[in-house]
Structure formats: structure tokens, C-alpha cells
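# attaching a predicted model along with its sequence, questions to come.
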Amino acid sequence: MREIDDVIDDDAPLPHEWQSRKEYLQRKIAFVNDGANPQDDVERVMLRCIERVSLAFGDDAGESLWHASENVLEGLRFDRERREQFAETNTPHIFPENRLGKYLTDMELRGIMRGFLTVLGDDHRAIETLAPLVRATRRHFYFVRDLPQDVSKGCINLTEEECQYGYDSSELDSLVRESAVVANGENFNLKPWQRSHLLHGRVPSFASEWMEKQLCSGEQELQVHECEQRSSHFQPFTRLLLHLLYKKPASTYFGRFRSMLGNQHT
């Protein structure tokens, strides 16, 4: 899946047998829907991995991994379409909450998190109990942390409802311009919270206020996750990985970013 992601994100060359990245992605989506007749090494590896998961944990686990893969690929398609639209029009698009929320739920919860639990042999049917963690990390943490890179490519993860107080085209242009500056050059070596703090001081007020709200919402979602996980039945190793891979990085980022914002206001 990482190799597919790199091709779709232009971080890896398009395999010679494909005419376009769009065609490449459509084929991968068709493959996970069909689950047979792999045409290249990526598909053959996917098939072998899912077959091994089925042997280890049962056919239900294998089926779960097919569905998780499909959701991830559909999320990649949404991101690719946004970037292509931006490249063609030079105008980023802000989506309503129901569209961006569906993208997040399908890709991150029903895709990545479902696949995560499945390959660990844990209860993939319990993904809904991890919804607060997914919102805290994949939405509030990642959306703010990756804001410079995402916006500079035309992927704006602010919703129409979150920008309800309005913004004009010049402010949106300013957000894209400042994001590109922070995402590149000497700022690349800054810590994630340092880049966020730098961008926070440069973007229009509608975007800086959004960043602060994501920080608060992310911290609240982590607290909800902590309370709910006390009664969950995930395996100890699953709990450890959830902490190390998801909760700890988000908590560290929130704390450092909040500290920098606090220093700014003193």
C-alpha cells in the first residue's frame, strides 16, 4: 500500500506499463474489489499478504483486509482528484463537513485502522471504539501538522462549516502562499510544532483560529479515548502500538504547540 501511495503522490515514478497515475489507481481499486488475477508485483504481494492473514486468522480477517484496502485506495483517489483540480485551476476547494468527514472515516477508521487491527489478529469489528483516537490523531493532529504541505498541494482540510464566518479569495490565496513558504526550504528541518507555530503567525485569522480549535478538539478527543479504552478488550500488544504510534505522537505535538502558542500570548 505504501508503494501505491508513493506513486499516487508523485513520490515514486509511474510504472512503465501504465499510461497515467489515474489509470494506475483505478486498476488497484478494481483489483481489491475483485481479489483475483494480479497484474503486477504490487498486486501479487497484496494477494499473498491477505491470503496469509486469512490462513492465520480466518477468512473473515482476509475479507476485512480487502475492505480496508478498498477504503484506503478510495481515500487516495479523493486526495489525487483534489490535487489535480488545484493544478488545473490554481484554486483550492473547501468541502462541507459531510464530505470531508466521510473521507476521514472511510480512509482512516474503516481503512487504515481496520487494517491495523486485522493484521494484528485483533477484533477489527471494534473499530468504532477507536473513533475518538482516529479523530484526535488523523484529523486534528495530522490535519494541523501537515497543513503547510497539504494546502500547498491544494488539499485544504478546513470545512465550509469551520470557515462559517467567512473568508475572501485573497485570504485563501494568502493561506496557500504562506503554506508553500513554510512547507519548503529552510523550514523543512523545523520540528512539526515549530512549523505549525510559524504558519500560525503568518496565515489569515480564519486559518489561525482553525488551527487553535483543532488543537483543543484533539486534546479533548484524546481524553475521550483514554476513558473509553479503560473498558476495551484489545490485546496488550495492540494497546501498546496504539499508544506508541498514535496517542503519544499526537499528545507530544499538542503539548509542544500549545506551549509555543502560550509563550506567544504572554
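On my side now, so go ahead. Numbering: from 1, shown residues only.

# for the rest of this, base every contact and every neighbour count on C-alpha atoms.
Will do.

# ok, the residue nearest to the spatial centre of the chain to residue 144 distance?
Centroid-nearest residue in the chain: residue 138, 5.1 Å away (criterion: Cα atoms, centre = their mean). Distance of residue 138 to residue 144, computed by Cα to Cα, to the nearest Å: 10 Å.

# what do you get for residue 106?
20 Å.

# the more surrounded of these two?
Per other Cα atoms under 10 Å, whichever of residue 106 and residue 144 has more neighbours is residue 144, with 24 against 21.

# the more buried one contacts residue 216, doesn't it?
No. Counting by Cα atoms under 8 Å, residue 144 does not reach residue 216; the two are 11.6 Å apart.

# so what sits against both of those two?
Contact criterion Cα atoms under 8 Å, 6 or more residues apart in numbering; residues shared by residue 144 and residue 216: none found.

# okay, now the unreliable bits of the stretch 1-150 of the chain?
Within the stretch 1-150 of the chain, not a single segment meets pLDDT under 70.

# where exactly do the helices run in it?
2-8, 21-34, 41-57, 59-89, 97-104, 114-119, 131-134, 142-145, 147-152 (DSSP state H, counting those that start in this stretch).

# now distance to residue 175 too, for those, in CSV please.
Listed next are the helices of the stretch 1-150 of the chain as CSV, based on distance: least, Cα to Cα, whole Å:
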stretch, distance to residue 175
helix 2-8, 24
helix 21-34, 28
helix 41-57, 37
helix 59-89, 14
helix 97-104, 19
helix 114-119, 34
helix 131-134, 26
helix 142-145, 13
helix 147-152, 8
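
# quick one, which of those helices is nearest to residue 240?
helix 114-119 (12.4 Å; Cα to Cα).

# mind checking how far that closest one is from the chain centre?
16 Å (Cα atoms, centre = their mean, to the nearest Å).
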